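Asks: here is the input, now give the coordinates:
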Amino acid sequence: MKRGLILLVIFTTVLFQQKAPAQDPNWVKENTWYFDNFVKDVLPWSIFRETYIGVAPAPSGDFDQIFYDQIFKTKLASTGHCYGMDVLAMLMMKNGGYLGYCHPPYVYSGSYASRTTSDPTPSDDILGPNDPNLQTAIEMVHGYQINHSFLMFLLDVLAIGKSRDGRYTFQQVNYYLAKNDPPVISITKSVSPADGGHVLIPFFTKDMGGTKRIYVYDPNRSYYEPGNDGKDFYTTAINYIDIVSATGAWKYNMGTFGSPVYWSGNPGADGNCIAIPLSIAGKKDRLPQSLLADGSYALNTIFIYGDVKVKQIADLSGKKKMLNDVGTDLEPCDDQRLTTVMPFIPMGVPPSSGETKSQDMYVFRGSDPVKISFTAVGEYKVGMLFHGHYYEVSGKGNGELLNFQPLEENIKK
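Replies: Presented below is the predicted three-dimensional model:
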């Protein structure tokens with residue numbers, strides 16, 4: 001009996017190991033999903049209330065209602081569930097199971113997207129898992145990306161200037177794997193919410209001197225799908241984020257094997273590449289506007305609707321600003337950059353080509369207000385949750401520069 005118990009412990013330890021000993025396709029096979037990333041047009045309030053702490057059983061017209069209507073309901077999962085799929089898989093691996101679903105993930109049936117010559121890009125499948133309760137579990141975990149602790153973590157990384165440095169990500173992945181806190185990696189094409197975001201699971205790293213590699217599982221590419229953008233993506237060892245050791249520049253192929261489309265960044269420009277430990281990514285928490293948060297721990301939110309281009313977000317003096325002078329990237333000067341504000345980029349997959357932007361969200365922390373400069377074409381609305389009030393302006397723009405800040409006359413009753 002004792003010998004059997006020892007063998008069981010050894011087997012469990014090997015099965016649930018969180019860092020692969022090499023670029024091992026079997027790690028992906030054993031620890032990830034059979035089905036592909038999938039979409040959901042509308043998420044109901046019942047899922048919203050179970051995703052966060054302290055949400056009312058029914059819509060109540062408070063700040064939670066604003067978050068549900070403007071972000072959670074139709075924005076969060078309409079382009080995919082990569083965050084929910086990745087984080088739930090890691091929770092199942094670390095804990096043996098989560099929300100009633102046991103490791104390994106691949107035993108739960110579903111579908112993967114078939115690639116064709118007319119649609120060659122790894123993308124979402126509209127079906128996902130066959131079990132509707134598993135779909136609900138993934139949707140709930142997918143919502144963790146807009147809770148208080150997760151957004152605060154991203155702001156901390158942004159504040160130290162490491163959100164786009166591949167070397168820092170490489171180091172953090174190794175650190176989290178070593179401390180038994182398996183991470184996920186959030187990547188974006190740019191700092192614009194319109195360009196979308198994606199989430200990967202890192203499981204092995206390799207330092208090659210001049211370059212470094214982080215090998216990943218991509219929920220857009222099921223191991224169980226045949227071909228270059230399924231199983232072969234892992235067995236041919238092209239499933240990695242490439243990092244230049246000297247500069248920290250990184251890139252990852254978001255396209256297909258035959259038609260690569262690279263997302264990339266470096267410490268001074270373009271997209272984010274951030275490692276987030278499971279202790280943060282998989283934590284159920286309150287929404288950003290938590291009434292228990294105060295001072296520097298307080299989070300405030302900006303909501304933008306319509307064909308709106310944000311030109312600048314700055315402190316009221318204008319001395320600290322988020323974006324450069326043309327509004328295309330972060331302010332390059334460390335002394336002038338406003339590091340308490342960031343765009344929220346939903347982590348599903350990139351929006352479809354030509355998709356009209358309809359809503360964005362920015363978060364900023366602390367007790368100091370900010371002002372927004374923007375242009376709008378057609379109907380627009382800009383709202384802000386700040387210091388226990390909701391401020392809002394709306395109108396019809398024709399491309400002129402507009403400004404908004406939390407003033408008493410803009411409080412929406």
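Asks: which parts of stretch 177-187 are buried?
Replies: Using 16 or more other CB atoms under 10 Å as the test for burial, stretch 177-187 gives 177, 181-187. For the C-beta atoms, the positions are set from N, CA and C on the backbone; glycine is no exception.
Asks: pick the one among those residues closest to residue 64.
Replies: The closest of the buried residues of stretch 177-187 to residue 64 turns out to be residue 186 (CB to CB; 24.5 Å).
Asks: now do the SS call for that closest one.
Replies: Following DSSP: H, G, I helix; E, B strand; the rest coil, residue 186 is assigned to strand.
Asks: in contact with the closest residue to it other than its chain neighbours, which residues?
Replies: Using CB to CB, 6 or more residues apart in numbering and skipping residues adjacent in sequence, the residue nearest residue 186 is residue 274, 4.9 Å away. Residues counted as contacts of residue 274 (CB atoms under 8 Å, 6 or more residues apart in numbering) are 154, 157, 163, 169, 185-187.
Asks: now the element after the lowest-mean-pLDDT helix or strand in the chain, going C-ward?
Replies: Sorted by mean pLDDT, DSSP states H and E, the helices and strands of the chain end with helix 2-15, the least confident at a mean of 40. As assigned by DSSP states H and E, the chain's next helix or strand after helix 2-15 is helix 25-31.
Asks: now that next one: mean pLDDT?
Replies: Per-residue pLDDT values over helix 25-31 give a mean of 95.
Asks: and that helix, what does it pack against?
Replies: Contacts defined by 3 or more CB pairs under 8 Å, 6 or more residues apart in numbering; DSSP states H and E place helix 25-31 against strand 197-207, helix 231-235.
Asks: rerun at 10 Å
Replies: helix 2-15, helix 82-95, strand 197-207, strand 211-217, helix 231-235 (3 or more CB pairs under 10 Å, 6 or more residues apart in numbering; DSSP states H and E).
Asks: format those as a markdown table; extra columns: mean neighbour count.
Replies: Shown next, in a markdown table, are the helices and strands packed on helix 25-31 (neighbours: other CB atoms under 10 Å):
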| stretch | mean neighbour count |
| --- | --- |
| helix 2-15 | 10 |
| helix 82-95 | 25 |
| strand 197-207 | 23 |
| strand 211-217 | 22 |
| helix 231-235 | 20 |
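Asks: which one of these lies closest to residue 129?
Replies: helix 82-95 (9.4 Å).
Asks: could you check how far the helix or strand following the closest one is from the centre of its chain?
Replies: Per DSSP H and E, the first helix or strand lying C-terminal to helix 82-95 is strand 97-98. With CA atoms, centre = their mean, to the nearest Å as the basis, strand 97-98 stands 21 Å off its chain's centre.
Asks: hmm, who's touching strand 97-98?
Replies: Applying CB atoms under 10 Å, 6 or more residues apart in numbering, the contact partners of strand 97-98 are 87-92, 103, 137, 141, 282.
Asks: domain assignment for the chain?
Replies: For the chain, the structural domains run 18-40+77-281, 295-410, going by automatic domain parsing.
Asks: which stretches in this structure count as helices?
Replies: Along the chain, counting by DSSP state H, helices occupy 2-15, 25-31, 45-51, 63-67, 82-95, 132-142, 148-159, 166-178, 231-235, 278-281.
Asks: residue 214: which of the ones you listed is closest?
Replies: When the helices of the chain are compared by CB to CB, helix 166-178 sits nearest residue 214, at 5.7 Å.
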